[in-house]
Each structure stands twice: as structure tokens, then as C-alpha cells.
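Enquirer: What would the 3D arrangement of this be:
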Amino acid sequence: MRRVVVTGVGAVSPCGLDAATTWDSICAGRSGIARIQGFDPTDFASQIAGECRGFDPLKWFEKRRVREGGRFIHLGVAASGMAIEAAGFEPDDALKERTGTFIGVGMCALELLEQSAKTLFERGPRRITPYFIPATISNLAPGHVSMRWGLKGPSLTTTSACSSGAHAVGEAFRWIERGDIDAAVAGGAEAAVTPLGVGGFTAMRALSTRNDEPERASRPFDINRDGFVIAEGAGVMVLEEREAAIKRGATILAEVRGYGATADAHHLTQPAPEGEGAQRSMRACLADAKANADEVDYINAHGTSTPHGDVQEAQAIRGVFSDAARERLWVSSTKSMTGHLLGAAGGLEAVLTVLALRDGIVPPTINLDDSDPGCAGVDLVPNEARRRKLELALSNSFGFGGTNVTLAFGRHG
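Expert: Okay, here's the model as predicted:
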């Protein structure tokens, strides 16, 4: 099987409109959560979110073409473009035919669904824009990327709730590893901070209502957490077959070492007891990476700040990693700063895991003032980043319906 490396990353997040700014904020422990500005949240129980404030799609689309895509597409194209530029990836015609585009999307363009439904009921079906369907359907996120950069390999959207972006990276890795393609642009994009998105998750009682302290609302593993904070954004990376990347002189940020994916087969929204499905996902990823648990230095946890999910992820980590292995294992949730990007979370967190390996910096879990006793035995890196040379790191993503993904990244050398 062929080796696969990461040669460029791009991001648009509540913590920054590019990967470098996002990473600086994450390392400094700065939250991107604030009161919602995209609409008036006064009537909502949860009034806070992680928004990509100041993002301008006109930097990536001609004015007349902005309407061809929903916000999730705009964010995905921007992050992809930055990743491609960072990688210095300029494929010739032959390589374009062997370069895939894999972008995970959880909920597509909710803002356009809301607007078009309003148009339908208030003005009639003849007033619905002809751009509604192509601007809304999930596969147009990778579609726009493939068209923009002429990438003619597989164009796929993975839709698996909060595992969508991670599945996309894992599948791109697998396609390159087995020789079906030679390169890929892979990650996730999501823009669900809309009245319907916030209202829907609020109706499930899934969101934090700590409206008076937005920056302290996302508090994974803390005993006083009261739900996740919804967010938007995109995280994308360029993956290449290792020998080809070396031959063209690319800067290699990390190597993709493994990919594990499982299902809980348990419950609509709650994880399996003791994170049983998450345990199998991590074990499968380690087996794929041909690595032992005691080789892992860092886990970027799914860590959403929900009462059940955080404890069960901690239980899963305890189940996979022995006491001795956990003595050197650091675990943190960057959602404490970004909020939960839903389908884009796995893409962004894969990017952050790669940057952690590159720089030897483990991001903190901010707002972790009083750790939940159910999370005992796991070093959760509270409140301040730490420095250490990292060799192997995992990124966990778990979603509604019991879908689980673990990605493994290693230092290249």
C-alpha cells in the first residue's frame, strides 16, 4: 500500500479566516464564540455561536456567481483554495485526472432552504430562484472545488453528521493509498448558524444557553457544561502520494497513518455505553496505522461539551489506552474555542492535528475549570497549550446515528 502525506492545509473558522490565524488563536486559547450576528437571536434559548465573521465570498467568487452556491460552498471553496495554494499544488492535465475532491457536508444550505420556503409560501413557486437546487445540494461543495481547479478525479460528498469531514479525509486517504488516485483535496464545510439550525438543535436541548458568557460556553469535559455551541466554517487539506510529493519538492506537513470507521448501532443521538463504538474506531485506526496505543502522543478529542458525549469519549479512551499509555497521552478539545462545526468539525480538527504535529504544540481545552469525575484518568490539557515533540496523533469525530471516525497522523521523516 502506498504512503499518503499532507502537503497543504486551509481553514475558515470562528477563530480566524485562514489556517495561520486560526492556529494562532487556538494555541493562545482564544475563543471564537460570541452572540449571534447573522440574525436576531433574541427569541432563541441559545443566542451564541461560532460565526466566521468578516468572511467575504467575493474574494473567491465573482459577484454574479455568488448566488450559485450557499454559504457552506463559499466556505469550502475558500478553505480548499488556501490549502491548494499552501501546498503549491499545480497539477498538470494528467495529474488532474488522478486528483479527487472529497468534501464532507452535514446539513447543506439551511439559509437557502429558509429563504426559498418563505418565497414559495409568500410569493408562489414561480418566484423560486433557478439557483436554489444547485446552490443547496451537498455535492456542489466538492463540485465547485473540482470545477474551479480542474480536478477530474472522483468528486464525492460524505454526509455522516459530525463525522462528515473526517470521513472525507479518511476516504481520500484510502483512495490514494490503494492507488486509485494520486492526490486529493479533502475536508469538510458547514454553515448551519441559521434560525432553523439553531432552533432545531435548541429544540433537542443540545445547545448551551450560557448566553451571558459566550466565550465560556463551550466547556468540554467540565462538570458545568450544558451543551455544545453551534459553529460554521471549513477545514481542508491537500493529500498526495508520498513519493510524488517528494519528487515535486513539496513541503510535507505530516503523514496520514491510519483511518478507522465504525457504527454504534445503538441510538439516534446518544453514544453507545462506555463509548464502545468509539473504542472500536480508535482500535481500527491504530491497527490500520500498525501502531500500538502507547505510541500515541495526542488525541484531538471529539469533545463537544455535551453531558453524555464527553464522559463516554473519556471512557472510550480509558478503554483503549492502558494506565501506562495514558501517562504520556495528552487529550484536548479544540471545540472549546471553535464551537462545533458539525459536518466540518472533522475537517478542521484534522487540520489542527496536523499543525500540532508540525509545531509540537498541543492546544488546550479552555474553560476546563472543574473536570467531570467521569472523565478522570485522562489528561485533558486544561486551559493552556503545551509543547512537546509529537510523533503520532489521533483525531476523533463522532456523529448522530452512532457514526464514528478516527484519523491517525504521524510526523513525517
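
Enquirer: Only the buried residues of the top helix by length along the chain, if you could.
Expert: Ranked by residue count, the top helix of the chain under DSSP state H comes out as helix 71-87. By neighbour count with 16 or more other CB atoms under 10 Å, helix 71-87 contains the buried residues 71-84, 86-87. All C-beta spots, glycine's among them, are computed from the backbone N, C-alpha and C.

Enquirer: who does that helix touch, helix- and strand-wise?
Expert: strand 4-12, helix 19-28, strand 99-104, helix 140-149, strand 183-190, strand 233-241 (3 or more CB pairs under 8 Å, 6 or more residues apart in numbering; DSSP states H and E).

Enquirer: Relative to Pro214, which of the ones you listed is closest?
Expert: Pro214 lies closest, by CB to CB, to one member of the helices and strands packed on helix 71-87: helix 19-28, at 14.9 Å.

Enquirer: And that closest one, what's buried?
Expert: Those would be Ala19, Thr22, Trp23, Ser25, Ile26, Cys27, for helix 19-28 by 16+ other CB under 10 Å.

Enquirer: go on, stretch 174-190?
Expert: Buried positions in stretch 174-190, judged by neighbour count with 16+ other CB under 10 Å: 174-177, 181-190.

Enquirer: gap between the worst-scoring helix or strand of the chain on mean pLDDT and the chain center?
Expert: Within the chain, no helix or strand scores below helix 323-326, which has a mean of 92 by mean pLDDT, DSSP states H and E. In terms of CA atoms, centre = their mean, to the nearest Å, the centre of helix 323-326 is set 27 Å apart from its chain centre.

Enquirer: Could I get the contacting residues of Thr334?
Expert: Ile26, Asn300, Leu348, Glu349, Leu352, Pro363 (CB atoms under 8 Å, 6 or more residues apart in numbering).

Enquirer: Among the residues you listed, name the ones in helices.
Expert: Among the contacts of Thr334, the ones falling in helices (DSSP H) are Ile26, Leu348, Glu349, Leu352.

Enquirer: out of those, which one sits closest to Leu95?
Expert: Leu348 (26.5 Å).

Enquirer: what's the neighbour count on the residue lying closest to that closest one once chain neighbours are set aside?
Expert: Excluding the flanking residues, the one nearest Leu348 by CB to CB, 6 or more residues apart in numbering is Gly235, at 3.0 Å. Look at Gly235: counted by other CB atoms under 10 Å, it has 35 neighbours.

Enquirer: Model confidence at Gly235, what's the number?
Expert: At Gly235, the model reports a pLDDT of 98.

Enquirer: So it sits against Ala78, correct?
Expert: No - taking contacts as CB atoms under 8 Å, Gly235 lies outside contact range of Ala78: 11.0 Å.

Enquirer: Would you mind listing the residues touching both of the two?
Expert: Gly10.

Enquirer: from the contacts of Thr334, which two are the most distant?
Expert: Every pair of the contacts of Thr334 checked by CB to CB; the farthest is Leu348 and Pro363, at 11.9 Å.

Enquirer: Looking at these two, which is more packed in?
Expert: Each of Leu348 and Pro363 has its neighbours counted (other CB under 10 Å); Leu348 has more, 35 against 28.

Enquirer: Okay, the more buried one and Asn300: tell me how far apart.
Expert: 10 Å (CB to CB, to the nearest Å).

Enquirer: One more: Val229?
Expert: Applying CB to CB to Val229 and Asn300 gives a distance of 17 Å.

Enquirer: Check Ala109 too.
Expert: 27 Å.

Enquirer: which residues does Val9 bridge with?
Expert: Val9 forms beta bridges with Met237, as assigned by DSSP bridges.

Enquirer: need the contact list for it.
Expert: Ala19, Met82, Ala83, Ala86, Gly235, Val236, Met237, Val238, Leu253, Val351, Val354, Leu355.

Enquirer: of all those, which comes closest to Ser322?
Expert: Val354 (26.4 Å).

Enquirer: pretty sure that closest one contacts Val6?
Expert: Yes - the pair Val354 and Val6 qualifies as a contact (CB under 8 Å) at a distance of 5.2 Å.

Enquirer: any shared contact partners between these two?
Expert: Joint contacts of Val354 and Val6 (CB under 8 Å, 6+ apart) are Met237, Leu253, Ala254, Phe409.

Enquirer: Out of the residues you listed, list just those in strands.
Expert: Met237, Ala254, Phe409 (DSSP state E).

Enquirer: what is the last one paired to in the beta sheet?
Expert: Partner residues in beta bridges with Phe409, using DSSP bridges, are Val256, Ala393.

Enquirer: what about it, neighbour count?
Expert: Neighbourhood size, Phe409 [other CB under 10 Å]: 29.

Enquirer: That one and Asn292: what is the separation?
Expert: Phe409 is 16 Å from Asn292, by CB to CB.

Enquirer: Equivalent analysis for the first one, please.
Expert: Distance of Met237 to Asn292, given as CB to CB: 26 Å.

Enquirer: So between these two, which is more surrounded?
Expert: Between Met237 and Asn292, counted using other CB under 10 Å, the more crowded position is Met237 (32 against 11).

Enquirer: right, and that one touches Phe173 too?
Expert: No - the criterion here is CB under 8 Å, and Met237 misses it with Phe173 at 10.1 Å.

Enquirer: so what sits against both of those two?
Expert: Jointly contacting Met237 and Phe173 under the rule CB under 8 Å, 6+ apart are Ala186.

Enquirer: rewinding a little: switch the contacts of Thr334 over to a markdown table; also include pLDDT and distance to Ala244.
Expert: Output for the contacts of Thr334, formatted as a markdown table (pLDDT from 0 to 100; distance: CB to CB, whole Å):
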| residue | pLDDT | distance to Ala244 |
| --- | --- | --- |
| Ile26 | 98 | 30 |
| Asn300 | 98 | 27 |
| Leu348 | 98 | 26 |
| Glu349 | 98 | 26 |
| Leu352 | 98 | 25 |
| Pro363 | 98 | 31 |
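
Enquirer: Which of these sits closest to Gly249?
Expert: Closest to Gly249, out of all of these and judged by CB to CB, is Leu352, at 25.5 Å.

Enquirer: so the residue nearest to Asn367 when sequence neighbours are not counted, which of the three states?
Expert: Spatially, and ignoring its direct neighbours in sequence, Asn367 is nearest to Arg219 (3.7 Å; CB to CB, 6+ apart). At Arg219 the chain is in coil, as set by DSSP: H, G, I helix; E, B strand; the rest coil.

Enquirer: Tell me how far the closest residue to Asn292 other than its chain neighbours lies from Leu368.
Expert: Nearest residue to Asn292, sequence neighbours excluded (CB to CB, 6+ apart): Leu286, at 7.1 Å. Look at Leu286 and Leu368: by CB to CB, they are 26 Å apart.
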